[in-house]
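Colleague: based on what follows, work out the 3D shape:
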Amino acid sequence: MPTTNFVLHWITGKTETHRYDESLRSIDLVTRDAYEPMLPLSVVVHIDYEKAPSVIQRFGDVKKLITQTLDPMLSAFFRDVAHKKTMLQLLHERDEIQAEARAALSSKFSDFDIECVDVLIGKPDTTEAGGKIETLLEQLRQRQLATEQLETFERQRTAADKLRTLNEAQAQAAKQVELTNSRVQVQIAENQGEADLARARMNAQQTVVMAQAEGEAGLVRARKQAEQIVVTAQADSQQRILAGRGEGTRVLQVGLSEVSVLLRKIGSFGDPRLYALAQAAEHLSHSSQPLVPERVFITGQNSNGGNGHQPTEGLLGTLIALMVAEKSGFQIAEAASSGPLQEMADRLSREALEAMSQPAAAIVPTAVASSVSSDT
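Modeller: Below you'll find the model as predicted:
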């Protein structure tokens with residue numbers, strides 16, 4: 001009966017020199033996802049020398065202890081664990097399963113005066129080469145590789161970002177002078193733009209003021225021109241009025257002179273009829289018709305019992321009779337008094353002479369008043 005630590009292998013084809021585990025095989029399991037792996041494991045066992053007699057007394061020898069107690073106990077425990085977990089969990093949670101097995105088996109082994117020092121779980125495998133477990137392991141390897149690649153790519157991206165930041169910082173440091181100059185140029189351009197804007201506003205205001213001034217000047221000029229036109233029109237109108245008045249005065253004076261002369265001519269004849277006969281004789285002297293007929297037919301007495309017509313009757317006869325009477329010294333009775341007519345002629349002549357010495361503006365009212373008084 002060994003009283004030091006010894007190892008028992010539940011691994012097919014493997015045994016220790018003490019040959020206690022030569023009949024032990026890897027434990028066949030069935031996982032929750034229907035995988036059927038073979039689980040190899042090793043258990044480190046210690047039998048205290050004080051409890052060795054009781055173990056010998058209970059089991060007889062160590063092989064019976066292993067085959068009749070430890071092997072069924074370990075197999076049942078790990079089969080129960082495999083039924084609750086998937087194949088991936090069985091692979092990934094190896095440490096947890098191992099710790100759980102150590103605690104559980106230590107408690108159970110103590111009932112048989114045996115101490116479980118440690119439980120070591122190997123890699124689950126199948127009896128078939130290239131089976132499902134190997135495929136699953138390959139998938140796990142690919143997944144882990146992808147995870148590592150993702151981590152690698154992420155770190156490469158981080159490194160690239162850091163490198164880009166570094167390059168930008170280096171480029172910015174190298175171009176710092178140009179950046180400063182460009183900022184200054186931008187500020188200068190902004191200031192120039194503001195100055196141009198201010199100049200444009202001032203020019204616009206100046207244009208508006210000039211336009212207003214020109215408009216007011218044009219309005220003043222238009223008013224002056226209008227006033228000039230009005231004054232010119234008024235002067236032209238006044239000129240025309242004065243010219244008309246002068247022409248009217250001239251015509252009036254000529255008429256008055258002709259009237260005065262005519263009245264004096266009539267007065268010189270003594271009888272207006274003589275003047276009329278003189279005028280008629282003058283006009284008849286220029287007539288193309290013969291004044292004395294070439295033949296005269298004289299009849300006897302008229303129907304009234306008197307003599308027939310005398311050759312000297314009519315206008316010509318009357319004219320000849322008047323001339324003969326004047327030459328013979330007979331006084332012709334005046335048909336009407338020529339005194340009032342002579343007085344009117346003299347008055348009109350005096351007024352005409354007075355009007356010639358007055359301003360032109362007073363000529364027309366005086367003449368008109370004279371005409372009205374004469375008509376009345």
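
Colleague: give me the number of neighbouring residues for residue 26.
Modeller: For residue 26, the neighbour count with other C-beta atoms under 10 Å is 20. Placement of C-beta: from N, CA and C, glycine included.

Colleague: contacts only, for it.
Modeller: Counting by C-beta atoms under 8 Å, 6 or more residues apart in numbering, residue 26 touches 10-12, 38-41, 125.

Colleague: ok, those vs residue 67, which is closest?
Modeller: When these are ranked by distance to residue 67 (C-beta to C-beta), residue 10 comes first, at 11.8 Å.

Colleague: give me phi/psi at that closest one?
Modeller: The phi/psi pair for residue 10 (degrees, to the nearest 10) reads phi -100, psi 60.

Colleague: show me what it is bridged to.
Modeller: residue 41 (DSSP bridges).

Colleague: before we move on, the earlier item: quick one, which of the contacts of residue 26 are buried?
Modeller: Taking 16 or more other C-beta atoms under 10 Å as the criterion, what is buried in the contacts of residue 26 is 10-11, 38-41, 125.

Colleague: dump those to TSV, plus pLDDT.
Modeller: Listed next are the buried ones among the contacts of residue 26 as TSV, based on pLDDT from 0 to 100:
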residue	pLDDT
10	88
11	88
38	87
39	88
40	90
41	89
125	77
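
Colleague: got those as CSV, with distance to residue 242 columns?
Modeller: Converted to CSV, those look like this (distance: C-beta to C-beta, whole Å):
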residue, distance to residue 242
10, 156
11, 155
38, 151
39, 149
40, 151
41, 152
125, 147
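
Colleague: between those residues, which is closest to residue 82?
Modeller: Distances from residue 82 to the buried ones among the contacts of residue 26, taken as C-beta to C-beta, are shortest for residue 39 (7.3 Å).

Colleague: from the buried ones among the contacts of residue 26, pick the one nearest residue 156.
Modeller: Distance to residue 156 across the buried ones among the contacts of residue 26 (C-beta to C-beta) is lowest for residue 125, with 36.2 Å.

Colleague: now the closest one: closest residue in space, sequence neighbours ignored.
Modeller: residue 38 (5.5 Å; C-beta to C-beta, 6 or more residues apart in numbering).

Colleague: same question for residue 266.
Modeller: Nearest residue to residue 266 in three dimensions, chain neighbours excluded: residue 275, at 4.8 Å (C-beta to C-beta, 6+ apart).

Colleague: which helix or strand contains the one you found?
Modeller: Following DSSP states H and E, one finds residue 275 within helix 272-285.

Colleague: now for that helix, which elements pack on it?
Modeller: With contacts taken as 3 or more C-beta pairs under 8 Å, 6 or more residues apart in numbering; DSSP states H and E, helix 272-285 sits against helix 176-269, helix 315-328.

Colleague: in that helix, what counts as buried?
Modeller: 272-275, 277.

Colleague: chain center to it, what's the gap?
Modeller: Distance of helix 272-285 from its chain centroid, counting by C-alpha atoms, centre = their mean, to the nearest Å, is 100 Å.

Colleague: and the helices and strands packed on helix 272-285, which one averages the lowest pLDDT?
Modeller: Least confident of the helices and strands packed on helix 272-285, judged by mean pLDDT, is helix 315-328 with a mean of 63.

Colleague: shaky segments in the stretch 1-150 of the chain?
Modeller: Residues of the stretch 1-150 of the chain meeting the criterion pLDDT under 70: 1, 127-131.

Colleague: where do the strands of it begin and end?
Modeller: Ranges of strands within the stretch 1-150 of the chain are 6-10, 27-28, 38-39, 41-46, 115-121, based on DSSP state E, counting those that start in this stretch.

Colleague: how about TSV for those, with distance to residue 343 added?
Modeller: Formatted as TSV, the strands of the stretch 1-150 of the chain follow (distance: least, C-beta to C-beta, whole Å):
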stretch	distance to residue 343
strand 6-10	186
strand 27-28	182
strand 38-39	178
strand 41-46	181
strand 115-121	177
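
Colleague: between the ones you listed, which gets nearest to residue 63?
Modeller: Among the strands of the stretch 1-150 of the chain, strand 6-10 sits nearest to residue 63 (C-beta to C-beta), with 10.7 Å.

Colleague: give me phi/psi at residue 21?
Modeller: The phi/psi pair for residue 21 (degrees, to the nearest 10) is phi -110, psi 20.

Colleague: and it, how far from residue 115?
Modeller: Taking C-beta to C-beta, to the nearest Å as the measure, residue 21 falls 17 Å from residue 115.

Colleague: check residue 198 too.
Modeller: Distance, residue 198 to residue 115, using C-beta to C-beta: 99 Å.

Colleague: more neighbours: which of those two?
Modeller: Shown here are residue 198 and residue 115; by other C-beta under 10 Å, residue 115 has more neighbours (15 against 10).
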